[in-house]
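Enquirer: starting from these lines, generate the structure:
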Amino acid sequence: MAPRSKLIGKTHILYDAELGGKVTDEWFDLCYWQRRDALIGSARGRGTAWFVRADSVDLVVRHYRRGGVLAPMWRDRYPWVGLSRTRAWREWHLLATLQQRDLPVPQPVAARVIREGLFYTADIITCRLPDCRPLADMLSEAPLPAFVWQAVGACVRRFHDEQVYHADLNAANILLDQLDHVYLVDFDRARFRNPGRWRAANLSRLRRSLNKFAGMYTRYYFSDEDWEALLAGYSRKRPQ
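Expert: Purely as a prediction, here's the structure:
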């Protein structure tokens, strides 16, 4: 990982020189990818994450948008408190650190921050995890075996053991590949925290999201037994 940054007018761009040395401001513009016929899909959350193909690498382009009560008023604008404290800068550097610790997260490629007076807007680009699907979508199709739930719990525990607080731990931000490897995505507002009650609160948030998604699908395969399997995976000690 070789972080580099450049300033173009009011636009700050942070990128990995080893992976995204050719990054320009256009990379954050969906029209740029559409003109190249490189827009290949999307995933909806608080905003929309767009999947694009840059040469032989699949990327995810995500624009930061507000949630909660401030969303209708401010939409995608945030108060300027210094470049290093912007959401995109913090998430990019956090992902880079987690990658170095061999945690299952997407690789950061580039981040953009555009300052407009007292506010800024931001975007981030990461590598797309290959052949992965959100846990929430998978549960709408078929039950998952206990060992998969245990793997999900063990993955969450790995992050907690590294003192990583995921601010939006939900069933849409947990991805599984075809070999049942588990990944976490969307680390906006995530940070390192000292051990404390936040771990239990993080798990409770995940449980609430599983219950919430159950009400969004006609069929949804999630039970108390599944949650117990997840907790069993979370509680199992990792080998030294």
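Enquirer: please count neighbours and contacts with C-alpha atoms only from this point.
Expert: Will do.
Enquirer: can you tell me the closest non-neighbouring residue to the residue nearest to the spatial centre of the chain?
Expert: Residue closest to the mean C-alpha point of the chain, counted by Cα atoms, centre = their mean, is D186 at 1.5 Å. Setting aside the residues directly before and after it, D186 is nearest to N173 in space (Cα to Cα, 6 or more residues apart in numbering), at 6.4 Å.
Enquirer: and C132, by the same measure?
Expert: Spatial nearest neighbour of C132, excluding adjacent residues (Cα to Cα, 6+ apart): D177 at 4.2 Å.
Enquirer: and that neighbour, how far from R133?
Expert: 6 Å (Cα to Cα, to the nearest Å).
Enquirer: tell me the domain ranges of this structure?
Expert: Under the assignment automatic domain parsing, the domains of the chain span 3-127, 133-235.
Enquirer: just flag whichever of those domains has the lowest average confidence.
Expert: Mean pLDDT per stretch puts domain 3-127 lowest among the domains of the chain, at a mean of 90.
Enquirer: coming back round to it: which of D177 and R133 has more neighbours?
Expert: More crowded of D177 and R133, by other Cα atoms under 10 Å: R133, with 18 against 15.
Enquirer: this protein: strands as residue ranges?
Expert: 3-8, 11-16, 39-44, 48-54, 57-63, 78-79, 108-116, 119-127, 133-134, 164-165, 174-176, 182-184, 191-192 (DSSP state E).
Enquirer: export those strands as TSV, with columns for distance to V23.
Expert: As requested, the strands of the chain are arranged in TSV below (distance: least, Cα to Cα, whole Å):
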stretch	distance to V23
strand 3-8	10
strand 11-16	7
strand 39-44	17
strand 48-54	10
strand 57-63	12
strand 78-79	24
strand 108-116	7
strand 119-127	10
strand 133-134	27
strand 164-165	29
strand 174-176	27
strand 182-184	25
strand 191-192	26
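Enquirer: among the ones you listed, which is nearest N202?
Expert: Of all these, strand 164-165 sits nearest to N202, with 7.7 Å by Cα to Cα.
Enquirer: which elements pack onto the closest one?
Expert: strand 191-192, helix 198-214 (3 or more Cα pairs under 8 Å, 6 or more residues apart in numbering; DSSP states H and E).
Enquirer: list the neighbouring strands of the first one plus their orientation.
Expert: Taking DSSP bridges as the criterion, strand 191-192 forms sheet pairs with strand 164-165 (antiparallel).
Enquirer: gap between the partner strand and the chain center?
Expert: Centroid separation for strand 164-165 versus its chain: 13 Å, with Cα atoms, centre = their mean, to the nearest Å.
Enquirer: make residue 1 into 53 and carry on from there
Expert: Renumbered: residue one is now 53, and that last one reads strand 216-217.
Enquirer: hmm, who's touching it?
Expert: F211, A242, R243, F244, R245, W250, R251, N254 (Cα atoms under 8 Å, 6 or more residues apart in numbering).
Enquirer: was I right to think the second one contacts A219?
Expert: This means A242. Yes - taking Cα atoms under 8 Å as the definition, A242 is a contact partner of A219 at 5.1 Å.
Enquirer: looking at these two now, which is surrounded by more residues?
Expert: A direct count of neighbours by other Cα under 10 Å for A242 and A219 places A242 higher, at 18 against 14.
Enquirer: list the contacts for that one?
Expert: A242 makes contacts with E143, L146, V216, Y217, H218, A219, as judged by Cα under 8 Å, 6+ apart.
Enquirer: any chance of those in CSV, with distance to E277 too?
Expert: Converted to CSV, these look like this (distance: Cα to Cα, whole Å):
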residue, distance to E277
E143, 34
L146, 34
V216, 27
Y217, 25
H218, 24
A219, 25
